[in-house]
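>>> Could you work out the structure for the sequence below:
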Amino acid sequence: MRIGNDRRQDDFEINVISLIDVLLTLLMFFVLTTTFIQHSRMQVTLPKASAEERDMQAPALTVVVDRDGHFYVGSDEVLGEGVEPLKQAIANVAGDDRERQVTIRADAMTAHQNVVMAMDALGQLGFSKLSIATTPTQEQGKP
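Got it, this is the predicted structure:
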């Protein structure tokens with residue numbers, strides 16, 4: 001007969017494998033959601049809309065791009081394809097005034113490439129005051 005406690009004392013252990021899995025999952029979440037570098041550092045001056053009237057030396061030159069990709073400088077259609085006919089038409093209307101304000105009015109459904117082509121032509125000619133015309137959206141509840 002045995003006197004005393006005969007039960008074997010089990011070794012107590014903590015299972016850390018599930019804890020490591022949770023920690024690694026959290027680590028991966030934080031690594032994937034953290035931004036270490038900002039890739040785009042381009043400074044963009046966004047257009048501002050206001051009801052103020054500005055003093056202008058000359059009326060703004062308007063370049064219109066329709067949804068079919070046709071260009072209009074002022075009220076005259078640009079004949080021909082590519083940047084060169086567009087540059088020629090802009091130079092004819094603007095003359096030597098490269099400080100003149102230029103407004104690009106593009107249809108909402110026009111290809112982005114056509115707007116970029118108009119901006120490229122204006123940049124090659126030396127225009128620096130460029131704006132893109134937009135229409136204001138109607139707010140909810142207002143007619």
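>>> make it CA atoms for all contacts and neighbour counts henceforth
OK.
>>> Now residue 106: closest residue in space, sequence neighbours ignored.
The shortest distance from residue 106 to any non-neighbouring residue, by CA to CA, 6 or more residues apart in numbering, is to residue 65 (4.6 Å).
>>> Look up how far residue 21 lies from the one you found.
Here residue 65 is placed at a distance of 57 Å from residue 21 (CA to CA, to the nearest Å).
>>> Of the two, which one has the most company?
Taking other CA atoms under 10 Å, residue 65 and residue 21 do not tie; residue 65 has more neighbours (22 against 11).
>>> pLDDT on the lengthiest helix in the chain, on average?
Determined from DSSP state H, the single longest helix within the chain is helix 17-33. Across helix 17-33, pLDDT averages out at 90.
>>> what about residue 66, how many neighbours?
17.
>>> Give the buried residues for stretch 114-134.
114, 115, 118, 119, 121, 122, 127, 130, 131, 133 (16 or more other CA atoms under 10 Å).
>>> again with stretch 84-99
For stretch 84-99, the neighbour count (16+ other CA under 10 Å) marks 86, 87, 89, 90, 91, 94 as buried.
>>> Among those residues, which lie within helices?
Those of the buried residues of stretch 84-99 lying in helices (DSSP H): 86, 87, 89, 90, 91, 94.
>>> Brilliant, that's me finished.
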